[in-house]
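Enquirer: Need the 3D shape of this:
(one chain, ligands or ions: 1)
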Amino acid sequence: MMAFVSAFFGVSGVGTGRALGQSRSSGFQALKSKWDAVVPARMTTDIKTEIPDVLKSILERKEEEVAKLKAEVEAAGPDHPIAKRLAGENEVSGIFYSALKRPNNTLTIIAEIKRRSPSKGHIAYIKDPALLSRTYWEAGASCISVLTDYEGFGGSLDDLREVVSEQKSYKDEYPPPCPVLRKDFTIDEIQIAEAAVAGASAVLLIVSALGEKRTKELLDACERIGIEALVEVHDEDELKIAVDSGAKIIGVNNRNLRTFEVSLETARRLRPLIPDDVVSVAESGISGNLDAWELRDMGYNSILVGESLCRAYELSTETTTMYQRGYNQAKGLIMAFKAKGSVQFGPTTSAAFYGRGEGAKETLGEMSI
Ligand SMILES: O=C(O)c1ccccc1NCC(=O)[C@H](O)[C@H](O)COP(=O)(O)O
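Expert: Numbers count the residues shown, from 1 in each chain. Here you go, the predicted structure:
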């Protein structure tokens, strides 16, 4: 029994054809001179030694979770869905990539379900993640991110399954269902297979947690298992690792995991170094439409937003008398993020939502999804 499982675990297979179809583009070569100017030759050293403390403790916990999951799958034998997924050759659908990459100057939204976090503590009581995902979908979010780590974020794999099932129920509706990201600290192939079996379209790979070799191995594993990857970076060194590993969706996280400070300057610095055929996602600390529009104007394809949406959702559901039935502030926020307004005119979120302010003039067509 051990033999079949160990054949999968810890062995990084080579992917079977890139469903997304992008080869290393010549545009990538064109970026080389930019890299040479920004990133010194020490680049390719193992960055694992620099893991921030907060990540270290999370990763130790993940090692334990992975060991437990492997034992369960081993005990169940080769018919366990996760064992089967690891054994098979699977196609990558590419729906996560295509949901995020819209025509230039169009910002797509990955809306996150986040109850709490190491940096902020309690964020929102979310009783029904599927219902929240419906609000996000109705507002025009392109993808949903579900945090499945319990200790740090209050999430679970059940949250993910419920959201996937809710989204699938819109298969004949417009807009189409949102693909779902399993947001967790991925360190092993078995978590990727677990996410795929639960219905996720993508997993998160954090370069500062994985280092260069493991990032590449897990990206290859994603192709073999048939799931996409959002590869997260915090600086130029990590970005180069992501690009060299063949990442097609790269998230620039504005949160410094050592200080927990959030600065959109990280996104501004790194955006010119992301190749054009890669989906660029700005993550963390996006609190209003002006942040969103600034990131769109920097050239980001997408933003990933958790805290501000979840707080807005909770505020609306707790103060129902203030709002009409069916209206939720989280919905207004997503619509404002997507609005084609301008930082120059700077209407507030509510002004954009209600169609006031100079920037809002351009937006009204866009706001009805
Ligand atoms: O959010 C944290 O405190 C955190 C701490 C340690 C590791 C990861 C952390 N966050 C995960 C995320 O990437 C965010 O949930 C995501 O980017 C959304 O950020 P925000 O909109 O600021 O909630």
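Enquirer: starting at the chain centroid, how far to the helix ranked longest in the chain?
Expert: In the chain, assigned by DSSP state H, the helix with the most residues is helix 53-76. Mean-position distance between helix 53-76 and its chain equals 21 Å (Cα atoms, centre = their mean, to the nearest Å).
Enquirer: Repeat that for stretch 247-262.
Expert: Distance, centroid of stretch 247-262 to centroid of chain: 11 Å (Cα atoms, centre = their mean).
Enquirer: okay, how far is it across it, tip to tip?
Expert: This stretch, stretch 247-262, spans 24 Å end to end (Cα to Cα, to the nearest Å).
Enquirer: And for stretch 104-111?
Expert: 20 Å.
Enquirer: Look at the nearest residue to Asn328 once chain neighbours are set aside and say how many residues are nearby.
Expert: Among residues not flanking Asn328 along the chain, Ser316 sits closest, at 4.4 Å (Cβ to Cβ, 6 or more residues apart in numbering). To be clear about C-beta, it is placed using only N, CA and C from the backbone, and glycine gets the same treatment. When neighbours are defined as other Cβ atoms under 10 Å, Ser316 has 19 of them.
Enquirer: Can you report the mean pLDDT over the residues of the strand or helix carrying Ser316?
Expert: Per DSSP states H and E: Ser316 is located in helix 307-318. Helix 307-318 shows a mean pLDDT of 88.
Enquirer: Counting by contacts, list what the very next helix or strand once past it packs against.
Expert: Next in sequence after helix 307-318, counting helices and strands by DSSP H and E, comes helix 329-338. Judged by 3 or more Cβ pairs under 8 Å, 6 or more residues apart in numbering; DSSP states H and E, the packing partners of helix 329-338 are strand 108-113, helix 129-139, helix 289-298, helix 307-318, helix 349-353, helix 364-367.
Enquirer: Within range of the ligand, give me the residues from this protein.
Expert: 54, 112, 114, 117-119, 253, 257, 283-286, 304-307 (Cβ under 6 Å from any ligand atom).
Enquirer: filter the residues you listed to the buried ones?
Expert: 112, 114, 117, 119, 253, 257, 283-286, 304-307 (16 or more other Cβ atoms under 10 Å).
Enquirer: what's the farthest-apart pair in the residues you listed?
Expert: Maximum pairwise distance among those (Cβ to Cβ): 18.1 Å, between Leu257 and Val305.
Enquirer: which stretches of the stretch 201-350 of the chain aren't confidently modelled?
Expert: Judged by pLDDT under 70, the stretch 201-350 of the chain has its weakly predicted residues at 318-327, 341-350.
Enquirer: how about the strands in the protein?
Expert: Ranges of strands in the chain, per DSSP state E, are 108-113, 116-117, 121-122, 143-147, 180-183, 202-206, 228-233, 249-253, 279-283, 302-305.
Enquirer: Save those strands as CSV, and put in distance to Ala193 too.
Expert: Converted to CSV, the strands of the chain look like this (distance: least, Cβ to Cβ, whole Å):
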stretch, distance to Ala193
strand 108-113, 22
strand 116-117, 26
strand 121-122, 32
strand 143-147, 17
strand 180-183, 11
strand 202-206, 10
strand 228-233, 13
strand 249-253, 19
strand 279-283, 23
strand 302-305, 23
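Enquirer: Report the separation between the two terminal residues of stretch 276-284.
Expert: 22 Å.
Enquirer: was I right about Ala198 contacting Asp159?
Expert: No. Contact criterion Cβ atoms under 8 Å: Ala198 and Asp159 do not qualify, at 9.9 Å.
Enquirer: For the two, indicate the residue with more neighbours.
Expert: Asp159 (26 against 21).
Enquirer: per-residue pLDDT, the nearest residue to the more buried one once chain neighbours are set aside?
Expert: Distance criterion Cβ to Cβ, 6+ apart; nearest residue to Asp159, sequence neighbours excluded, is Pro129 at 4.5 Å. Turning to Pro129, the model gives it a pLDDT of 97.
Enquirer: need the contact list for Pro129.
Expert: Contacts of Pro129 were listed using Cβ atoms under 8 Å, 6 or more residues apart in numbering, and they are Ile113, Val146, Asp159, Glu162, Val163.
Enquirer: As a markdown table, these with pLDDT would be great.
Expert: What follows is these, written out as a markdown table (pLDDT from 0 to 100):
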| residue | pLDDT |
| --- | --- |
| Ile113 | 98 |
| Val146 | 98 |
| Asp159 | 98 |
| Glu162 | 98 |
| Val163 | 98 |
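Enquirer: Identify, from those residues, the entry nearest to Trp137.
Expert: Val163 (9.8 Å).
Enquirer: how much space is there between the closest one and the ligand?
Expert: Computed as Cβ to the nearest ligand atom, to the nearest Å, the Val163 to the ligand distance reads 15 Å.
Enquirer: Check His80 too.
Expert: His80 is 29 Å from the ligand, by Cβ to the nearest ligand atom.
Enquirer: distance between stretch 202-222 and the chain's centre?
Expert: 14 Å.
Enquirer: likewise stretch 95-105?
Expert: 13 Å.
Enquirer: So for that stretch, first residue to last residue, what's the gap.
Expert: 20 Å.
Enquirer: that older thread, pretty sure the residue nearest to Asn328 sits against Cys310.
Expert: No. Applying Cβ under 8 Å as the test, Ser316 and Cys310 come out as separate, 11.0 Å apart.
Enquirer: Give me the common contacts of these two.
Expert: Ala330.
Enquirer: my read: Arg311 touches Ala124, true?
Expert: Yes. Under the criterion of Cβ under 8 Å, Arg311 makes contact with Ala124 at 5.9 Å.
Enquirer: Compare neighbour counts for those two and give me the winner.
Expert: Set Arg311 next to Ala124 and count neighbours by other Cβ under 10 Å: Ala124 wins out with 23 against 18.
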